[in-house]
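Novice: Structure of the sequence below:
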Amino acid sequence: MTHQFTNDLIHETSPYLLQHAHNPVDWKPWNDKTLQLAKDGNKLMIISVGYSACHWCHVMEHESFEDEKVAEVMNANYISIKVDREERPDVDQVYMDAVQLMTGSGGWPMNVVTLPDGRPVWGGTYFKKEQWMSALSQISKLFQEQPEQLYNYADQLEKGLKSMNLVAINKETPNFKLTHIDSIVSEWSQSFDYENGGLKRAPKFMMPNNYHFLLRYAHQTNNTSLLDFVNLTLTQMAYGGIFDQIGGGFSRYSVDDKWHVPHFEKMLYDNGQLVSLYSDAYLLTKNDLYKDIIIETLNFIETELTTPEGAFMSALDADSNNTQGHLEEGAYYVWTKEELKNLLNEDFPLFSEYYNVNNYGHWEGDNYVLIRKLDEVQFCTKHELSQADLHSKKLHWKQALLKARTLRERPRLDDKTLTSWNAIMLKGYVDAYRVLKDQKCLEIAKANANFILQQQLKEDGGLFHNYKNGHSSINGFLEDYALTIDAFISLYENTLEDQWLNSARDFSNYALDHFYDTQSSMFFFTSNEDSSLVTRNIEYRDNVIPSSNSVMAKNLFKLSHYFDNDYYHKTVTTMLNNVQEEMTTYGSGFSNWLDLMLNYTNPYYEVVVVGKKAHEKLSEINEIYIPNKLIAGSITSKESPLLKNRYLKDKTMVYVCENNTCQLPVTETDKALKMISK
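Specialist: Numbering: from 1, shown residues only. Next up is the predicted model:
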């Protein structure tokens, strides 16, 4: 008899959940109704977590979740829940912690079996079909015959989970020293890859926040060898196949140690952070390669991931259909020699040397992933070309290859919008505007900020996390607040429009009301209005995206200056002090905290510009890389703490202050900059 399944995912909006909507498994979405179903029926749950651009998620779906026999086992004994980790980072985090405790490692797809009350008892990542069926049968038998064994194990695991992300108040007096940062960077640098950039390992993740901190630290400590390493890393990433040399934009990571072969999915959050990183690096070095990377990445975002409403979509899949109509990783992006010869004709030899269509650029089978080795000056010298000729040829090559690529089947698009990731990309556009002075970047940034305020704002002043088809349904997480506040502060610093700064303050106060933990002086990841999970996590270790607590701490540091708010300042100082000891063990996991610590160990400036020509002066100040400053300003008289009594009619004044002490105001920007450079 055929099973009449009731797969409920067809009513969801997440592209990942919709990919599973026609499986023979009785999938349910994560919500209170589903959880209650398990409790009422005293049934074990399978919680399966993945995301739309995840290659191995697709593999497990094809092997197991599309299989009638597997579905039979799952449907008979379990309530099965599919979770999009990007929509529900809270659920992902709790069960990922459990899988790491149980197995020592984690990743996606992630599959966990829980008791009817949601407490985990078994889990792992990708399972082959036979392994999966065997494990599910054994666990269900154990639950029927000796349930107390599973309950005892769940009790122990729950204790472990609750202790994992506990942060204790550091009762020692805060004492932040540059020597402490020096020793962390010194230890960290032992793992640097001085040949290819990044860390000595494969796969290689880009970790933009690591290099943002190291760029600032190297600059502020005049550490030229470290600055060389950061530039090596940024150059090699830009030359590598991890950067789409034809269409722009970065993939998630490279599977090798030379940034060559990417895991081909392109994520919004990587590209947003990398635009910000390359913007600051360009400001400091004036390296045209970095400028090209910013422009090409933003072109990719605009053409591939931007909606008519000014929102940004989440990701492009690694997989797309090949010429045989089968899903294949990278099929959209790779080239054979024959294809390239036919497209480029007499230019093929030059192209193949520039992009290494040779042993260096070979991937597998007949396929090549384009990768650069030489800078343009070296290449032009070698081939007796002018740079103008090379640029003209590159433009022709890219147009020819892009045209050919549009005839291929495109990778699947994850078109949901996430507030946190939008804020990252919004900040990327603001940083690009600050450095390139391209008005279009500012217009796109403002359109996105207005989208957040118009579509993602709840009636109580809080934020939604997700948006799709005109509908927002998931309550915001700490990352949504922290990253939006950060982006809005940047928008204020570049427009001097008060609404962005005031919104940043309002969201901070909302976060303090709904996420703050008075016991630890840190912020929970979930709101006090959300349904409780197995444990309420505090996310404080920086990763591919900096932790929501470190971003929040940096926000409060700036806002304490803007609003002369001592409570904000005490809170951020306590937060930084709480993580100070753990920092020493793993610099890469605390790079955003280390960046904040530099605000305490080195001079930190309030730069205030007031008068009719405030925007002109601001533009001049922004021509110099000054990571240890905040900007405030106005073209009229204002009463806010940093602007009060500073307006003089017919004059535009620049004030430079440090530690509540201000130098005499000046009218020339270069004089103000000299005060800072001292």
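Novice: just the strands in the stretch 501-650 of the chain please.
Specialist: 516-517, 522-523, 605-610, 629-634 (DSSP state E, counting those that start in this stretch).
Novice: Which of these sits closest to residue 192?
Specialist: Taking CB to CB, strand 629-634 is the member of the strands of the stretch 501-650 of the chain nearest to residue 192, at 28.1 Å. (Glycine included, C-beta is placed from N, CA and C.)
Novice: got a list of contacts for the closest one?
Specialist: Residues outside strand 629-634 that contact it (CB atoms under 8 Å, 6 or more residues apart in numbering): 493-494, 496, 558, 561-562, 604-610, 614, 617-618, 621, 640, 642-643, 647, 676.
Novice: returning to what we had before: would you list the strands of the stretch 501-650 of the chain in CSV and tack on mean neighbour count, mean pLDDT and distance to residue 178?
Specialist: Output for the strands of the stretch 501-650 of the chain, formatted as CSV (neighbours: other CB atoms under 10 Å; pLDDT from 0 to 100; distance: least, CB to CB, whole Å):
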stretch, mean neighbour count, mean pLDDT, distance to residue 178
strand 516-517, 15, 97, 29
strand 522-523, 28, 98, 24
strand 605-610, 23, 97, 17
strand 629-634, 22, 97, 18
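Novice: how about a markdown table for the ones you listed, with distance to residue 663 added?
Specialist: Formatted as a markdown table, these follow (distance: least, CB to CB, whole Å):
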| stretch | distance to residue 663 |
| --- | --- |
| strand 516-517 | 36 |
| strand 522-523 | 36 |
| strand 605-610 | 10 |
| strand 629-634 | 14 |
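Novice: Tell me which of these lies nearest to residue 429.
Specialist: Nearest to residue 429, of the strands of the stretch 501-650 of the chain and by CB to CB, is strand 629-634 at 17.1 Å.
Novice: Given the closest one, what are its sheet partners and their directions?
Specialist: strand 605-610 (parallel) (DSSP bridges).
Novice: ok so residue 260 is a helix residue?
Specialist: No. Looking at residue 260 with DSSP: H, G, I helix; E, B strand; the rest coil, it is coil, so not inside a helix.
Novice: Am I right that it is in contact with residue 369?
Specialist: Yes. If you go by CB atoms under 8 Å, residue 260 and residue 369 touch, sitting 6.0 Å apart.
Novice: Could you tell me which residues touch both of those two?
Specialist: 241, 361, 363.
Novice: Just give me the closest of these to residue 585.
Specialist: Using CB to CB, the shared contacts of residue 260 and residue 369 come closest to residue 585 at residue 241, 32.9 Å.
Novice: Skipping adjacent residues, who's closest to the closest one in space?
Specialist: residue 369 (3.7 Å; CB to CB, 6 or more residues apart in numbering).
Novice: Compute the number of surrounding residues for residue 172.
Specialist: For residue 172, the tally of surrounding residues (other CB atoms under 10 Å) stands at 9.
Novice: how much space is there between it and residue 590?
Specialist: 18 Å (CB to CB, to the nearest Å).
Novice: for residue 515, what are its contacts?
Specialist: 478, 481, 523-528 are the contacts of residue 515 under CB under 8 Å, 6+ apart.
Novice: And the helices in the stretch 51-200 of the chain, which stretches?
Specialist: 55-60, 68-77, 89-103, 129-145, 147-164, 178-188 (DSSP state H, counting those that start in this stretch).
Novice: out of those helices, which comes closest to residue 29?
Specialist: Using CB to CB, the helices of the stretch 51-200 of the chain put helix 89-103 closest to residue 29, at 10.8 Å.
Novice: what's the closest one packed up against?
Specialist: strand 44-50, strand 110-114, strand 120-124, helix 147-164 (3 or more CB pairs under 8 Å, 6 or more residues apart in numbering; DSSP states H and E).
Novice: Let's see that with 6 Å instead.
Specialist: strand 120-124, helix 147-164 (3 or more CB pairs under 6 Å, 6 or more residues apart in numbering; DSSP states H and E).
Novice: which other helices and strands contact the longest one?
Specialist: For helix 147-164, the packing partners by 3+ CB pairs under 6 Å, 6+ apart come out as helix 89-103, strand 120-124.
Novice: What residues sit buried inside the first one?
Specialist: Neighbour counts over helix 89-103 (16 or more other CB atoms under 10 Å) mark 89-102 as buried.
Novice: Switch those over to CSV; also include pLDDT and distance to residue 534.
Specialist: Shown next, in CSV, are the buried residues of helix 89-103 (pLDDT from 0 to 100; distance: CB to CB, whole Å):
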residue, pLDDT, distance to residue 534
89, 96, 15
90, 95, 11
91, 96, 10
92, 96, 13
93, 94, 11
94, 94, 5
95, 96, 8
96, 95, 12
97, 93, 9
98, 94, 8
99, 95, 13
100, 94, 14
101, 93, 12
102, 94, 13
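Novice: Distance to residue 199 added to those residues, as TSV?
Specialist: Below are those laid out as TSV (distance: CB to CB, whole Å):
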residue	distance to residue 199
89	25
90	29
91	30
92	24
93	24
94	28
95	27
96	22
97	24
98	27
99	24
100	20
101	25
102	27
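Novice: Show me which of those is closest to residue 459.
Specialist: Nearest member of these to residue 459, counting by CB to CB, is residue 90, at 21.7 Å.
Novice: what sits against that closest one?
Specialist: Counting by CB atoms under 6 Å, 6 or more residues apart in numbering, residue 90 makes contact with 477, 525-526.
Novice: Not counting its neighbours along the chain, what's nearest it?
Specialist: residue 526 (5.0 Å).
Novice: just curious, which of the shared contacts of residue 260 and residue 369 is nearest to residue 627?
Specialist: So of the shared contacts of residue 260 and residue 369, ranked by how close each gets to residue 627 (CB to CB), first place is residue 241, at 30.4 Å.
Novice: count of neighbours near that closest one?
Specialist: 28.
Novice: How about the secondary structure of it?
Specialist: Per three-state DSSP, residue 241 ends up coil.
Novice: before we move on, the earlier item: of residue 260 and residue 369, which one has the most company?
Specialist: residue 369 (26 against 23).
Novice: ok, the more buried one to residue 258 distance?
Specialist: For residue 369, the distance to residue 258 - CB to CB - is 11 Å.
Novice: Kindly report the same for residue 207.
Specialist: For residue 207 relative to residue 258 (CB to CB), the value is 16 Å.
Novice: Okay, helices next: where are they in the stretch 551-678 of the chain?
Specialist: 566-583, 591-601, 614-621, 669-677.
Novice: now, of those helices, which is deepest in the fold?
Specialist: helix 591-601 (a mean of 22; mean count of other CB atoms under 10 Å).
Novice: Nearest to residue 246, out of the helices of the stretch 51-200 of the chain?
Specialist: helix 55-60 (21.1 Å).
Novice: Only C-alpha atoms, please: export that closest one in CSV.
Specialist: Extracted C-alpha coordinates of helix 55-60, given in CSV (Å, rounded to 0.1, in the frame of the first residue of the first chain):
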residue,chain,number,x,y,z
HIS,A,55,26.0,20.5,-1.8
TRP,A,56,26.0,17.6,0.6
CYS,A,57,22.4,18.5,1.7
HIS,A,58,21.3,17.9,-1.9
VAL,A,59,23.3,14.6,-1.9
MET,A,60,21.6,13.3,1.2
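Novice: Name the residues that touch it?
Specialist: Helix 55-60 has contacts (CB under 6 Å, 6+ apart) with 50, 109, 126, 318, 329.
Novice: Just the buried residues of it, please?
Specialist: 55, 57-60.
Novice: So if we follow the domain assignment, how does the chain break up?
Specialist: Listed by automatic domain parsing, the domain ranges of the chain are 8-164, 178-319+414-601, 333-407, 605-677.
Novice: Test my guess that residue 8 contacts residue 28.
Specialist: Yes. Counting by CB atoms under 6 Å, residue 8 touches residue 28, with 5.1 Å between them.
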